[in-house]
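A.B. asks: Predicted structure and sequence below. I'll ask about it afterward.
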Amino acid sequence: MAVSETSQTVAQRKETRLSSHFYHPVTGALIDGTLRDARKIGGLPSPTTVLNILGSPGLKWYFRRQMWEATCTTPRLPGQSDEQYWEACQKWADEHGQAARDKGGDFHSLVQRFHANPLGGSAMLDEPLLPQFTAYVEWYARNVRRSLMVEQTVFGQGYAGRVDHVAEMMDGHIACLDVKTQDTTKKKGAFVYYSEWAIQLGAYAGAIHPVPDCLISVAVSRNEPVRVESKTWPLPPSFYHDIFLGLLKYWRLDNDYWP
């Protein structure tokens with residue numbers, strides 16, 4: 001029996017559209033609304049909004065695993081139809097997915113607070129994410145000389161966004177950085193670094209003057225044992241920025257929107 005599209009699925013698609021980010025073209029304020037609202041004032045799309053056209057392989061893997069875990073842990077009740085069971089699995093996946101997103105968002109906020117005030121890190125020691133936070137602080141102490149930009153809005157060529165972190169590294173290079181959390185398992189022990197991470201960083205770097213010397217993705221494991229690793233992307237920021245500008249052209253064409 002084919003499972004029809006439920007109202008819940010329709011709502012999830014709408015939520016995905018609403019998750020797109022647009023910025024005011026003058027003030028840089030985040031626009032509370034959708035592309036329709038952005039059109040009214042010439043709002044600028046964020047790099048993540050543009051990169052949505054790629055369909056993140058990391059998210060695809062994550063969603064497939066979530067649904068597999070849902071079917072393994074959600075018992076099928078007697079007399080339950082295929083569609084009812086599908087909705088029960090969807091509910092389980094949504095709840096656990098939201099918990100993971102909340103945890104990732106909380107960790108991101110912790111890191112940004114630390115970047116803004118490295119000497120105030122001790123005020124966070126009762127946080128539930130202490131193992132991840134401690135591991136990241138240790139990585140920072142080994143690799144970063146000082147933070148230069150934290151959560152600052154930048155304007156590019158037809159786009160805008162909030163760059164997470166620009167820092168002077170111990171080797172003297174200026175880097176545009178982003179922190180990602182990721183599950184690791186015995187089978188999937190290594191972190192996976194996705195090319196769209198570099199393109200997103202390239203978009204931010206291309207909107208900063210002068211352009212940073214390099215792009216670095218920092219990966220933090222969500223589960224035990226906690227590990228922190230980083231990848232300096234091998235090509236110059238201009239290379240990844242050029243790829244982003246090509247994707248931006250396609251995004252404009254696909255949405256018939258030319259801010």
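C.D. replies: Thanks, I have the structure now.

A.B. asks: Give me the most central residue, the protein.
C.D. replies: residue 180 (6.9 Å; CA atoms, centre = their mean).

A.B. asks: List the contacts of it.
C.D. replies: Applying CB atoms under 8 Å, 6 or more residues apart in numbering to residue 180 gives the contacts 197, 217-220. (Each C-beta comes from the backbone N, C-alpha and C, glycine too.)

A.B. asks: And residue 225, how far from residue 132?
C.D. replies: Residue 225 sits at a distance of 11 Å from residue 132 (criterion: CB to CB, to the nearest Å).

A.B. asks: okay, those two: which has more neighbours?
C.D. replies: residue 132 (25 against 8; other CB atoms under 10 Å).

A.B. asks: which residues touch the more buried one?
C.D. replies: Contacts of residue 132 by CB under 8 Å, 6+ apart are 107, 181, 220-222, 226.

A.B. asks: how about the helices in the chain?
C.D. replies: Assigned by DSSP state H, the chain shows helices spanning 7-18, 35-41, 47-51, 57-73, 82-116, 130-143, 195-206, 237-255.

A.B. asks: ranking the ones you listed by mean pLDDT, which is last?
C.D. replies: Here the helices of the chain differ in mean pLDDT, and the lowest is helix 7-18 at a mean of 38.

A.B. asks: Could you list the low-confidence segments of the stretch 151-259 of the chain?
C.D. replies: Within the stretch 151-259 of the chain, the segments meeting pLDDT under 70 span 185-189.

A.B. asks: circling back: residue 140: which of the contacts of residue 132 is nearest?
C.D. replies: residue 220 (11.3 Å; CB to CB).

A.B. asks: what's across from that closest one in the sheet?
C.D. replies: residue 181, residue 228 (DSSP bridges).

A.B. asks: Distance of residue 23 relative to residue 33?
C.D. replies: Distance of residue 23 to residue 33, computed by CB to CB: 12 Å.
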